[in-house]
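**Student:** sharing a model that was predicted from the sequence below.
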Amino acid sequence: MSLTTDDSARRARMVELVKRLAPGEGYTQSLLENVTLMRSDRPLPLTPALYEPSIVFVIQGRKRGFHGGKLYVYDAGHYLALSVPLPFNTETQASAAEPMLGLALRIDPAMTAELAMGIDETAGRQPAKPVTLCATPMEEKLQDALLRLLQAMCVPEEARLLGPSIVREITYRVLAGEQGGGLRAAMLAGGSFGRIAKVLRRIHTQYAQDLDVATLAGEANLSVPAFHAHFKAVTATSPIQYIKSMRLHQARLIMIRHGASAAVAAEKVGYESPSQFSREFKRLFGRSPLEEARHLKQLLSMAGPVPAPAMRSLAA
């Protein structure tokens, strides 16, 4: 697809803004609580990743996600949306000359459900089948809103006063977009998807607690066999593997972002045996906890927002 002059100028401006808002590799917290900037100055081979329910935009470079035997490409022309917390595998195409630049909008469940309900009521559409994740082409109005969000985040007052309304607009445009029906259904889901989504949210926030499958199945009001079947349909994995993956991903972040030892990280995520933690960690990530922390320390680090004096120069 050829780009118009306006498209090229808009993308170039967005690249410029993300580079300044995220001057270093890794993740940078923006002035908005639910918006995080991403940057990688090097390619990354297939790597296990953990995403929260979010909308992920890649402004430059390309990311490829693999889940349940399917490929999801998100780049300057496509965004990724996830309705539930999900571990899956990603690879990143980037270089020092053209770093991967992007941002993730963490989904606000109450706002998203309100918008989803309003869209369906207005349009009178029949509910679609809920989807766990999707990659969708970027529409012009969505790109415009994304540019306005980046510009607002360069000015503290605008980020505070205008940013939340632009995030709401972006969420609306995703929910009303090409694959929005499945996302709306996921946000409003009753039935088995809604029950599993509720369990996933619990696991995501309470991963360090003692979580047994029978109890989780009971909370979902499903028999254990039915719970296993519905759980795998949503996540493409078993409950036990999902819980284990969630704990290991969180442990990796604790080591990288807080400088914790493997033993401390293991205890914080609910492991009683450090040796079992190390074995399962290496099985998932392909490296020992220490090796993995050293390897990804910069790429998974979380920096604070760009200081206000520097922010003022971004809007110029």
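**Tutor:** Here it is on my side, so go on.
**Student:** ok, which stretches of the stretch 51-200 of the chain are helices?
**Tutor:** If DSSP state H, counting those that start in this stretch is used as the criterion, the helices of the stretch 51-200 of the chain fall at 109-123, 140-152, 156-161, 163-175, 180-188, 191-205.
**Student:** most tightly packed of these?
**Tutor:** helix 180-188 (a mean of 23; mean count of other Cβ atoms under 10 Å). C-betas here are computed from N, CA, C, even on glycine.
**Student:** now that helix and helix 191-205, what's the angle there?
**Tutor:** Calculated by axes from the mean of the first three to the mean of the last three Cα atoms, to 10 degrees, helix 180-188 forms an angle of 70 degrees with helix 191-205.
**Student:** off-centre distance for helix 180-188?
**Tutor:** Centroid separation between helix 180-188 and its chain, computed with Cα atoms, centre = their mean, to the nearest Å, is 17 Å.
**Student:** equivalent analysis for stretch 152-164, please.
**Tutor:** Distance of stretch 152-164 from the chain centroid (Cα atoms, centre = their mean) equals 22 Å.
**Student:** could you give the average pLDDT over it?
**Tutor:** Computed over stretch 152-164, the mean pLDDT rounds to 97.
**Student:** same deal with stretch 235-252?
**Tutor:** pLDDT averaged over stretch 235-252 gives 96.
**Student:** so what are the domain limits for this structure?
**Tutor:** Split into domains by automatic domain parsing, the chain comes to 5-187, 190-296.
**Student:** count of neighbours near the closest residue to Gln298 other than its chain neighbours?
**Tutor:** In space, and not counting its chain neighbours, Gln298 is closest to Glu25: 5.0 Å by Cβ to Cβ, 6 or more residues apart in numbering. Neighbour count of Glu25, defined by other Cβ atoms under 10 Å: 20.
**Student:** related to what we said a few turns ago, which of the helices of the stretch 51-200 of the chain sits closest to Gly77?
**Tutor:** helix 140-152 (9.4 Å; Cβ to Cβ).
**Student:** now that closest one - C-alpha only, PDB.
**Tutor:** Backbone C-alpha positions of helix 140-152 (Å, rounded to 0.1, in the frame of the first residue of the first chain) are rendered in PDB as follows:
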ATOM      1  CA  GLU A 140      -6.900   7.100   9.300                       C
ATOM      2  CA  LYS A 141      -9.100   8.400  12.100                       C
ATOM      3  CA  LEU A 142      -7.300   6.100  14.600                       C
ATOM      4  CA  GLN A 143      -3.900   7.300  13.300                       C
ATOM      5  CA  ASP A 144      -5.000  10.900  13.800                       C
ATOM      6  CA  ALA A 145      -6.100  10.200  17.400                       C
ATOM      7  CA  LEU A 146      -2.800   8.400  18.100                       C
ATOM      8  CA  LEU A 147      -0.800  11.400  16.800                       C
ATOM      9  CA  ARG A 148      -2.900  13.700  19.000                       C
ATOM     10  CA  LEU A 149      -2.200  11.500  22.000                       C
ATOM     11  CA  LEU A 150       1.500  11.600  21.500                       C
ATOM     12  CA  GLN A 151       1.400  15.400  21.100                       C
ATOM     13  CA  ALA A 152      -0.600  15.800  24.300                       C
END
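**Student:** max-length helix in this protein?
**Tutor:** Taking DSSP state H as the criterion, the chain has its longest helix at helix 239-258.
**Student:** quick check: Gly69 vs Val84, distance?
**Tutor:** Computed as Cβ to Cβ, to the nearest Å, the Gly69 to Val84 distance reads 18 Å.
**Student:** re earlier: which one of the domains of the chain lies closest to Gly304?
**Tutor:** Here domain 5-187 is closest among the domains of the chain (Cβ to Cβ), at 5.7 Å.
**Student:** give me the pLDDT for the spatially most central residue of the chain.
**Tutor:** The chain has Tyr51 as the residue nearest its centroid, 3.7 Å off, counting by Cα atoms, centre = their mean. pLDDT for Tyr51: 92.
**Student:** CA atoms of stretch 58-72 as PDB?
**Tutor:** C-alpha atoms of stretch 58-72 as PDB (Å, rounded to 0.1, in the frame of the first residue of the first chain):
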ATOM      1  CA  VAL A  58       3.900  -0.100  16.700                       C
ATOM      2  CA  ILE A  59       4.900   3.200  15.100                       C
ATOM      3  CA  GLN A  60       8.100   2.000  13.500                       C
ATOM      4  CA  GLY A  61       9.500  -1.500  13.100                       C
ATOM      5  CA  ARG A  62       7.500  -4.700  13.300                       C
ATOM      6  CA  LYS A  63       6.500  -7.200  15.900                       C
ATOM      7  CA  ARG A  64       5.200 -10.700  15.200                       C
ATOM      8  CA  GLY A  65       3.200 -12.600  17.800                       C
ATOM      9  CA  PHE A  66       2.500 -16.300  17.800                       C
ATOM     10  CA  HIS A  67      -0.400 -17.800  19.800                       C
ATOM     11  CA  GLY A  68      -2.400 -20.900  19.400                       C
ATOM     12  CA  GLY A  69      -0.700 -21.800  16.100                       C
ATOM     13  CA  LYS A  70      -1.600 -18.400  14.600                       C
ATOM     14  CA  LEU A  71       0.500 -15.400  13.500                       C
ATOM     15  CA  TYR A  72      -0.300 -11.900  14.500                       C
END
